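Participant: requesting a structural model of the entry that follows:
(chains A, B, C, D and E, ligands or ions: 4)
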Amino acid sequence: MTDATQLDPANEYKPPRNQWLDVWDQFKKHRGALIGAIVFLFIVLGVFLGPLIWAHDAQFVPPVVDMIKLRDTRPIYTVLWESGAKVSWAHPLGTDNLARDYLARMMAGGQVSITVGLAAMTLSLLLGTLIGVLAGYFKRLDGPLMRLTDLFLALPLLPLLLVAVLLFRELLAGALGPEGGVFVLIVSLVGITSWMQTARIVRGDVLALKEREFVIAARSMGTPSRRIVLRHILPNVLSPIMVSATLGIATAIITESALSFLGFGFPPDFPTWGRLLFDAVDRMTLYPERVIWPGLAISITVLSVNYIGDGLRDALDPRIRGR
Amino acid sequence: MFDAPADRKTLVEVRDLKMHFPIYAGLLRRHVGDVKAVDGVSFDIFDGETLGLVGESGCGKSTCGRAVLRLYDITAGTIRIEGEDISTMGQETLRKKRPTMQMVFQDPQASLNPRMTLAGIIGEPLDEHTGLKGSARRDRIYELMDAVGLNRDFANRYPHEFSGGQRQRIGIARALALHPKFIVCDEPIAALDVSIQAQVVNLLEDLQDKFGLTYLFISHDLSMVRHIADRVAVMYLGKVVEVAAREGLYADPKHPYTQALLSAVPEPDPVLHDTAERVILTGDVPSPSNPPQGCNFCTRCPQVFDICRLKDPQSREIEPGRHVACHLHNEPQAAGETAA
Amino acid sequence: MLNYTIRRLIIAVPTLLFIALTIFLLLELAPGDPVANQPLTIPPEVRELMRKALGLGEPMHIRFWKWLVQFFWIEPQVFIDWLTTTSSLAPILPDTDFFIACGNNTAAECDPRILSWQFRSPVMDIVLQRIPQTLWVVGTAYLVAIVIAIPVGVYSAYRQYSWFDNAGTFVTMVGFSVPPFFSGVLVIVIFSVQLNWFPSIYDTMHEVNNWDSFMFQIKQMTMPVMVLALQITSQISRFMRASMLDNLNLDYVRTARAKGMTENVVILAHVLRNSMIPVVTVIALGIPQIFGGAIITEQVFKVNGIGEMLIRAIEANDIPTVQTLTFIFAVLIVIFNLVADILYGILDPRIRYD
Amino acid sequence: MPDGALPVLDVKDLKTVFRTRQGEVHAVNSVSFDLKPGELLGVVGESGSGKSVTMMSLIGLLPSPPAEVQNGQVLFGGQDILKADDQTLRAIRGARIGFVFQDPMTSLNPVFTVGFQLMEPLRKHMGMNKRNARKRAQELLELVGIPDAGQRLRDYPHQFSGGMRQRVMIAIALACDPQVLIADEPTTALDVTIQAQILELVKDLRRKLGMAIVWITHDLGVIAGIADRVIVMYGGQIVEHAPVRELFANPQHPYTRALLETIPKVHGERDERLRVIQGQPPMLGAEPAACPFRARCTHRLGRCDRENPVRVPVGPDHDAACFWDAGTGGARDV
Amino acid sequence: QERGRDGEVKIIYWQAPSILNPFLSGGTKDIDASNMVIEPLARFDQGGNLIPWLVTEVPTVGNGGVSEDLKSITWNITPGIMWSDGTPFTSADVKFTYDYCTHPEGGCAQLTKFEGVTSVDTPDEHTVVVNFEAATPNPYGPFVGLESPIIQAAQFENCIGAKAPGCTDANFGPIGTGAFKVVEFRPNDVIVYEANENYREDGKPAFAKVTFKGGGDATAAGRAVMETGEFDYAWNLQLAPDVIANMELGGKGTPIAGFGPLVERIMLNQTNPDPALGADERSVVRPHPFLGDPAVYKAMSMAIDRTLLVEVGYGKAGKVTCNWVPAPDIFNSTSMDCSTQDIAGANALLDAAGYMDTDGDGIREADGKPMKLLYQTSTNAVRQDFQALIKSWWAEIGIDSELRNISASVFFGGDPGSPDTFQKFYADVEMYANNFSGTDPQSYLGNGLCDKAPSPDSQWQGENISRFCMPEYDALHAQLTTTADIEERGRIGRELNDMLVQNGGMIPLVHRGRISAHANTLGGVVLNVWDSELWNVADWYRIK
Ligand SMILES: Nc1ncnc2c1ncn2[C@@H]1O[C@H](COP(=O)(O)OP(=O)(O)OP(=O)(O)O)[C@@H](O)[C@H]1O
Ligand SMILES: Nc1ncnc2c1ncn2[C@@H]1O[C@H](COP(=O)(O)OP(=O)(O)OP(=O)(O)O)[C@@H](O)[C@H]1O
Ligand SMILES: [Mg+2]
Ligand SMILES: [Mg+2]
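Facilitator: Numbering: from 1, shown residues only, chains lettered A, B, ... in the order given. Ligands and ions are numbered 1, 2, ... in the order given. As a prediction, the model looks like this:
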């Protein structure tokens, strides 16, 4: 056969490798994304594994005598410019007005904020992807599902969010405890109210993908719809989904803090970054560190997640990867 | 000169195939018209031959090819494959029938899922229609890769790691996986470089010889069609204007559109180029949603006359195996007068 | 286009009705009651009487129907009357008198308006009272944000990954992620407490009628506008940047360059015009938010606009107010969605709605 | 063909490199050619051979980064435009050198009317006022054969068909009566019938306006129809250069020969089998130290692996970059 | 001195008034704002003493104003008082106020003020006689104090009963006899008043205009007075002590504190809140598994360091208290001391009572079950701090507690359908604050009566939240209702207080005061916790 000699020694092919390795390779080349990923990983590890090393209970209030002594300790670095400051090595970031260790509270708060972010994002993605794929792929569902999406877009979200918190908080708190209840509530509310953009993007992509030749090819060989969606459509809408995902985390963290401010979030004694920030605002001039740390934590998380999103978008885009 | 079709078995028989895409408009999204992408097309494809389908962009070639494979729910007409009418078949029965008819696509990049390995792509039809598992499946995949000239080492690579020609081979291997009888090749070489086109065309020819395949070869490259096809159908705006055996068509095109089309192909020879007389069409192809009255070609036809603007010409077999839809050839004597 | 608009408007009707029902049901199901915020010294029996006086005794569907009638029939009448008799358009319009007020010395036939449970007065009147503040502050912030965000986004995209772009990304991300309850208090501490430049509390009664009062208005708006604009700028400039990036590598840009156009013309005329298409719709879709107010910022600076009204109503379980406000937002969102789509069609000649 | 005249455009030893994340891509390597007044120079070569990059390097249309013109000289009207500043370049682009791009669907700005886009260079380069520019724009549209030109100026690109858009592109390129028109695969995206229309149009315009044209294509048929001289590019280099008839009649480089053989014909003899060029086009990476075609070459010599051949004259006004001599069938001694 | 000489004064309330008719709203913000305009016949001064306001003197049995049988009281209106619209203020207005509030469809928030009143007579223009159903030793409910001001009959004539809410103009701008009149009212936002030119005292008020801004939060209000000096008076700064102290450094204003009868307390559930019991029995059937044992509740009380609580939560605005009724002084019992924490003593007490930690998990067992408490309160930062502290102290005496907080609107919402109201008390202990209005605690002490316990039968209404029940207590309270002598009333009141606290009805924690702040340039401010804070706004002036 004439084509037997097709193998050309001049074309050096790379050894077979996993698709995700390529993504990772490309991702690594995006400096911002890499730094973002490292920072985010650092924050996540710090927040979830940190408590293993820094074994302080975020809710722990020391007995009376100690409490008076220990409350409102400043972070140790304060001595740099204020030699008489009340600092203690036992509390590197200082303590709050009940002598609770601030570092421990930051870590506990981070756990909640990041978990809320991740969980809400996951939920919104699942919903958005499901609806987007169904609407895009099945023509009959397109109309109704897009009307539904429009409907959700037309609902004024913040008011309804607040009302829904009022509505379900106690119910869920009864079932899952106050923190658990609010957690489920915030996660599901943020999730339920933020899937529409994802759905629209996914639908658009699916509509385009559906006409792409490889999908028609799959149909022409008799692959049933279910498998076409799973095998051909879903993996290819991954990149817009990933990008919405990173934005979703940020939005969820911020929404949680706004709800805390309006008094609809987690219970007051339960640390989250938004809540810590909010509680510290009153004493901003006295103890600036108490606003700076949670504020910084939120900003840096959002920033790093955003850079990860940028990098992922580049890495998942085969056009860019090809270059 | 003309292949007498009588002795050959008809594998695919398309009669009056119509594929209209509805247009909805107005306040109530009423159905106001159709994109008549394919508007009454009839042809036969004989067992083991290659029918070339040529025409300008947007004239409905791809739609026709896909409709023949029932990738669309067709508007009207019948399609018989091996004598079996598939035009109204349910999706599940159709699925069973799929192995006999396959498709190769225009864009080798777009027709392969960028996130599947070569083995996965070629293996997909096997998973759908055969019970092959494990090493049997792998062997079949290797066999197919050998058949299209792909190195077995490539099995775990992804499409973007291949060149255009190689990708098209993957597409062909996938189409071959289920031992089809009939393959629709939708512009399989259009996206390839000249130097690569020839490789793919040769491969298709080899495979046809080896497996006794029947092709519907869609292309707008008339020179390639001339090379590969046994018979050629020329489409214009959703209709087949001329069907003829290759030699006859290229030597003596009957329909004015075919003539224009052939003369528009640039001749890769400066000497011939300067001597050839050419028919340059004016204007553009009208929109298929709003075709002109009468003959579809009447807006651009250099030999247009009154009746063309009134009546749509019927396809007639003017010579054995040669169908033309043109008023010039309706009544031979009238045509003769006009042409003279 | 006209057809399209009409069709969209027709579709909007069931959507809005559905939204109204959703809002109504949600609020009905919500626990808590309007007299919850009354002091504990008020005994339960009295509370019960107060609740009855608010009309809570009637069944839900009746109240929903009443509310629909009030919202779609009675309030518009009031509005028309207001237009023709009181507003600045009054001189050119014939006087109308559709609405028959209830209250003092009236006959049995009267049109009950939607009354707030907190204020015991028509919700719409308060809404009208609140709109100016919101428009001044949130609207200005929005304008300022657009004016800043577009050049920033354009330049960031044009010089992608330059230091300006990176700094811009950083600032916008921080702006996006710093909650206004923090940034608001921060600017108050800096500019009001330390520097004493701006008032920390917004004077909603302030009337602009001369240069000094205008300057005062500017002064008192500065901080809330600053805080809000930071957030909005962050978002819009991100969109702008992304949209520019999408367009910068397209073929027509090369064509423009090949024609010998200067970079300014290439970027500011050719690319910007195309990039603005999606951004303009984003901006249009953001406008309902102006009316919705910026709840947190309004609260921090005591601007007491629509957002503040809503949050207080929610806290006080003032269901008629919450219903009405939420529904007004829904109407605005639907309208601006339509506006966005039509704008899209106008800006992008390729889009044809029929 | 105006022989012996001074070239309007003289490109010497042009070298363009892309700095990408994957490393350098040497897209154009020591390309030299000239363009005489009124002449049509055809450029052929397969996809990725550096045709577009060469032409865009000439007038600084490549995005930088990643592109960098490393070396060379482009004399246009006696001035080296590679060294010219932006302002000078802009004054040349669109005014004295016109450009037509491959894809008519995306090369026009979708949100401006065709008239606006056509008038833009007129107003900039010719200093016309709106009225005159409009008049001239209408003439131009008529010139490229668009009926009802005055009306259509007000239309947007999407209201035009592909062929008409390409005509508009040509009209834009011709707007300021350029001395040189560079057409980068202007008909590749079009149907044969439309392509034929455009080709006729160009021939016609050339007759009328008499500018020099560089016509890039990978379709030898098109070249055969309109070019005076041809350069063949492969792997970022010019491998052969000859007058058109000479090239078709007497190709010297093995690549050119193979290319001519692979093309099926619509007329004349039909081959039973198509000839093929085995293998794949080369990847452009580091600066080539050997002949880029060697891997696919049927006449490969030992020397080809060690040295990159330079163009040597092989006939009158005909040169090729190959160590193999088609005439003798053996090695050429250079 | 000329009326209105000092220009403008600016007041900020972080809760904005939503209506100026105190009969349609019980909220302090609304009542305070309306009290600048409409006034009661008599009111309390900063010491809790009743002083005549629109009347010539306070009627007593001694001066014959109160009938011997304690069944009627006669008020004599000072002649010459005018409404701000220039019409005379007469007894008809007073009677109208009574009719207005007691109309069955009106939903009057101050209805309790008229409890037991059978009629209001107006023998002449300046005489008002209030008749009671039974002997009323404390007849100073109707028309006395901030919650019972007089509205103008002419203005509200057509607004009675179901029509009340429709009268927006009247509800937003009542005509009054006070020092100021309403110029503009923007609900939940701003009120602008100006001096009432018909005010009865010459030269008052000193201010011509009052801007009353509402909304925001306490911090911002405090800041506006003490740090930026934009406002002159800020109401009720519920802020942590260190925050207030820091604001004071701003130098523009001064915080002032005053103490009424408000007590932050922990209620101990006397019934069994076990969820396993059905809806009809949960928090209805007695007794609680262990909270009824004196050893337990005494130990729980001893374990609490109230001094620290005060310091953490209220600073200057709080005092340690062991009493339910800490004010007025005459009712403040001194028999108990609880200012020092005694963990050891508490442990000893529990040990002695036989509650031992048998399984070594740090939690004592009662009847083999670990002593675990569900401790609920409303959502509020200080309360959650308290919860955290108290939980840790109780842990030290081997009592485990699970903390829960419920949003205030639900907790205090009284919705019989919600399981989380403080009345339902589906918990072992709960914490909140309560007080009474005026200076007489009789009906407040009635909250300890057996039959006031909330239950499903009464739709969970009733103010005896802890379901305290002691026949002796009921008997003593009955005695109070018939005693007129103030000394004797004080003695009985103190005894009732001790009885309830010592028998485990509640654990009082902090006697909460109110902190407000005024600008250093604002003179004449006298913080009054028994009446409206703005009670003497007519006397305010600018220090120059
Ligand atoms: N799904 C569809 N809905 C509406 N119109 C369609 C659809 N698919 C194709 N068409 C229209 O049908 C006509 C024929 O399209 P088709 O793709 O078959 O042309 P073609 O001859 O294959 O062109 P090309 O050479 O560009 O591939 C075109 O006008 C196209 O716009
Ligand atoms: N921006 C870029 N970055 C990196 N490499 C590039 C870039 N643009 C072009 N190249 C490389 O330069 C080489 C020449 O490209 P060029 O576009 O000139 O090819 P061409 O001959 O015009 O091909 P075609 O016929 O497909 O238009 C190609 O290998 C291409 O990969
Ligand atoms: Mg096609
Ligand atoms: Mg090119």
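Participant: any bit of stretch D:96-106 sitting next to chain C?
Facilitator: Yes: for a cut-off given as CB under 8 Å from any CB of the partner chain, stretch D:96-106 has contacts with chain C, namely D:G98, D:F99, D:F101, D:D103, D:T106. The C-beta positions use only the backbone N, C-alpha and C, and glycine is treated the same way.
Participant: list the buried residues of that stretch.
Facilitator: Of all the residues in stretch D:96-106, those buried under the rule 16 or more other CB atoms under 10 Å in any protein chain shown are D:R96, D:I97, D:G98, D:F99, D:V100, D:F101, D:Q102, D:D103, D:P104, D:T106.
Participant: any chance of a markdown table for those residues, columns distance to chain A?
Facilitator: A markdown table is the format used below for the buried residues of stretch D:96-106 (distance: CB to the nearest CB, whole Å):
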| residue | distance to chain A |
| --- | --- |
| D:R96 | 33 |
| D:I97 | 28 |
| D:G98 | 29 |
| D:F99 | 24 |
| D:V100 | 25 |
| D:F101 | 19 |
| D:Q102 | 18 |
| D:D103 | 16 |
| D:P104 | 22 |
| D:T106 | 15 |
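Participant: including distance to D:V144, pLDDT and secondary structure, could the residues you listed go into a markdown table?
Facilitator: Compiled in a markdown table, the buried residues of stretch D:96-106 are given as follows (distance: CB to CB, whole Å; pLDDT from 0 to 100; DSSP: H, G, I helix; E, B strand; the rest coil):
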| residue | distance to D:V144 | pLDDT | secondary structure |
| --- | --- | --- | --- |
| D:R96 | 20 | 88 | coil |
| D:I97 | 18 | 90 | strand |
| D:G98 | 12 | 90 | strand |
| D:F99 | 15 | 89 | strand |
| D:V100 | 11 | 89 | strand |
| D:F101 | 15 | 86 | coil |
| D:Q102 | 17 | 79 | coil |
| D:D103 | 18 | 79 | coil |
| D:P104 | 12 | 77 | coil |
| D:T106 | 19 | 83 | coil |
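Participant: between those residues, which sits nearest C:D251?
Facilitator: Distances from the buried residues of stretch D:96-106 to C:D251 were compared by CB to CB; the smallest belongs to D:T106, at 4.1 Å.
Participant: model confidence over stretch A:262-279, on average?
Facilitator: Mean pLDDT, taken over the full extent of stretch A:262-279, equals 77.
Participant: what's the offset of it from the middle of its chain?
Facilitator: If you compare the mean C-alpha spot of stretch A:262-279 with that of the full chain, they lie 18 Å apart, counting by CA atoms, centre = their mean, to the nearest Å.
Participant: now do it: distance from first to last residue.
Facilitator: Stretch A:262-279 has its terminal residues 12 Å apart, counting by CA to CA, to the nearest Å.
Participant: for stretch D:60-75, same thing?
Facilitator: 14 Å.
Participant: what comes into contact with it?
Facilitator: Here stretch D:60-75 makes contact (CB atoms under 8 Å, 6 or more residues apart in numbering or on different chains) with C:249, C:254, C:257-258, D:7, D:9-20, D:27, D:30-31, D:53, D:56-58, D:80-82, D:86, D:89, D:93, D:99.
Participant: quick one: it to chain centroid distance?
Facilitator: 16 Å.
Participant: okay, buried residues for that stretch please.
Facilitator: Of the residues in stretch D:60-75, D:G60, D:L61, D:L62, D:A67, D:V69, D:G72, D:V74, D:L75 count as buried by neighbour count, 16+ other CB under 10 Å.
Participant: among the residues you listed, which pair sits farthest apart?
Facilitator: D:A67 and D:L75 (20.7 Å).
Participant: helices along the stretch 151-300 of chain B, start to end?
Facilitator: Assignment of helices within the stretch 151-300 of chain B using DSSP state H, counting those that start in this stretch yields the ranges B:164-176, B:194-211, B:222-228, B:246-251, B:256-264, B:270-275.
Participant: export those helices to TSV and tack on mean neighbour count, distance to ligand 2 and mean pLDDT?
Facilitator: TSV is the format used below for the helices of the stretch 151-300 of chain B (neighbours: other CB atoms under 10 Å in any protein chain shown; distance: least, CB to the nearest ligand atom, whole Å; pLDDT from 0 to 100):
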stretch	mean neighbour count	distance to ligand 2	mean pLDDT
helix B:164-176	25	11	86
helix B:194-211	21	10	86
helix B:222-228	24	18	87
helix B:246-251	19	28	88
helix B:256-264	23	21	89
helix B:270-275	16	21	73
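Participant: can you lay out those helices as TSV showing distance to E:C101?
Facilitator: Formatted as TSV, these follow (distance: least, CB to CB, whole Å):
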stretch	distance to E:C101
helix B:164-176	87
helix B:194-211	96
helix B:222-228	98
helix B:246-251	103
helix B:256-264	96
helix B:270-275	107
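Participant: for D:P288, which of the ones you listed is the nearest?
Facilitator: Across the helices of the stretch 151-300 of chain B, D:P288 has its closest neighbour in helix B:194-211 (18.5 Å, CB to CB).
Participant: okay, the angle between that closest one and helix B:164-176?
Facilitator: Here helix B:194-211 runs at an angle of 20 degrees relative to helix B:164-176 (axes from the mean of the first three to the mean of the last three CA atoms, to 10 degrees).
Participant: so what does helix B:194-211 touch, helix or strand wise?
Facilitator: Helix B:194-211 sits against helix B:134-148, helix B:164-176, strand B:214-219, helix B:222-228, helix D:254-262, with contacts defined as 3 or more CB pairs under 8 Å, 6 or more residues apart in numbering or on different chains; DSSP states H and E.
Participant: just the pLDDT at E:N497, thanks.
Facilitator: Turning to E:N497, the model gives it a pLDDT of 92.
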